[in-house]
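Enquirer: Next one to model:
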Amino acid sequence: MKPSSSRGSGRDPGPGDAPASEQVSPGAGADPGTDPGTGAAARAGAGPVRRERELLCDALLDAGPGAPTECEGWTAADLAAHLVVREGRPDALPGILLRPLAFHTERIRRRTVREIPFERSVDRIRRGPPKWSPYAVPGVDKIANTVEFFVHHEDVRRARPDWEPRSLSPALEELLWARIKIARFALRKVPVEVTLIRPDGRSLRIPAARRGVSRRSARARARSAARPGGKGPSAPRGGGAGGGVRVHGPVGELILWALGRTDVARVRLTGAREAVNVLKETGWRL
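Expert: As a prediction, this is how the structure comes out:
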């Protein structure tokens, strides 16, 4: 996924411990148009991940290559090229997550935009990874692509006017929830404790980051605190009792929010004013 700057909630919290304002975005009507041919046929009886792949391809074609997306600075053509490179160029994979290698991945992606027609790129995505791709290994598709395709499908949909959240199948929701721990990586630098809470009450707690404190430094502080007269360890900012932020919403919205789509994820934030403000001032994106 494309890294980009983002802000926490984008809304002012309510007074004291009152719930923060619900995030609402201008949002899109029906799903983007569907392909009456290959896409529709492949979706019949398809599993949730395959269905998201098909719907993402439909959304890309419906939007057109020059359409904006929620991936900051990327058009639909840029996003399609990213997905083609991700599945078809194993040498470019490290640069997706490792910033020092990102220049190589980005160079390949831009060349793909220039040299491969948009419709052909979408067709490659629809057909799935090449047989020699790591993503073609049985089981990898579900592990690696459930969140990827869902989020990028919404990146296309929610950049268009009059969108509305989709009603997700229970099967897709459970697959997304099974991958919710990705939020711990995405929010690893957020200095307040965050708890993601789905409508049925199940939740994931993400501890506040200890900014600027290495493991060695933390151990040294702990030893110092244990000595007579030593100073006790300081709690992470916003991580104390009552200092965290609770994020309420359907599973799909929680995934989008946790991965930095805070302006378009329909969630509700509750918690102390100070903690919500700190979260608002913190940018993250995955």
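Enquirer: Show the contacting residues for Pro48.
Expert: Going by C-beta atoms under 8 Å, 6 or more residues apart in numbering, Pro48 touches Thr146, Ser169, Ala171, Leu172, Leu175. In this view, the C-beta of every residue, glycine as well, is placed from N, C-alpha and C.
Enquirer: among those residues, which two are most distant?
Expert: The most widely separated members of those, counting by C-beta to C-beta, are Thr146 and Ser169 (12.3 Å).
Enquirer: Counting neighbours, go ahead and name the busier of the two.
Expert: Ranked by neighbour count (other C-beta atoms under 10 Å), Thr146 and Ser169 place Thr146 first, with 21 against 11.
Enquirer: Break this protein into its domains for me.
Expert: For the chain, automatic domain parsing gives the domain ranges 1-27+176-286, 29-163.
Enquirer: Adding mean pLDDT, write those domains out as CSV.
Expert: Shown next, in CSV, are these (pLDDT from 0 to 100):
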stretch, mean pLDDT
domain 1-27+176-286, 71
domain 29-163, 88
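Enquirer: tell me, how many neighbours does Glu281 end up with?
Expert: Neighbour count for Glu281, taken as other C-beta under 10 Å: 11.
Enquirer: Assign a three-state SS to the closest residue in space to Val251 that isn't next to it in sequence, would you?
Expert: Excluding the flanking residues, the one nearest Val251 by C-beta to C-beta, 6 or more residues apart in numbering is Glu173, at 4.5 Å. Here Glu173 is recorded as helix under DSSP: H, G, I helix; E, B strand; the rest coil.
Enquirer: quick one, helices of this structure?
Expert: Here the chain has its helices, by DSSP state H, at 38-43, 48-63, 76-88, 94-97, 102-115, 118-127, 140-157, 170-178, 182-186, 215-226, 251-258, 273-280.
Enquirer: To Gly243, which of the ones you listed lies closest?
Expert: Taking these one by one with C-beta to C-beta, helix 273-280 is closest: 5.0 Å.
Enquirer: Check the offset of that closest one from the chain's centre.
Expert: Distance of helix 273-280 from its chain centroid, counting by C-alpha atoms, centre = their mean, to the nearest Å, is 21 Å.
Enquirer: Can you name every helix or strand that that helix contacts?
Expert: Packing partners of helix 273-280 (3 or more C-beta pairs under 8 Å, 6 or more residues apart in numbering; DSSP states H and E): strand 245-248.
Enquirer: Keeping just the C-alphas, turn the strand it packs on into CSV.
Expert: Provided in CSV are the C-alpha atoms of strand 245-248 (Å, rounded to 0.1, in the frame of the first residue of the first chain):
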residue,chain,number,x,y,z
VAL,A,245,-8.9,6.4,22.4
ARG,A,246,-11.6,3.9,21.4
VAL,A,247,-12.5,3.6,17.7
HIS,A,248,-16.0,2.2,17.1
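Enquirer: Strand partners (parallel or antiparallel) of that strand?
Expert: Looking at strand 245-248 with DSSP bridges, its partner strands are strand 194-197 (parallel), strand 268-271 (antiparallel).
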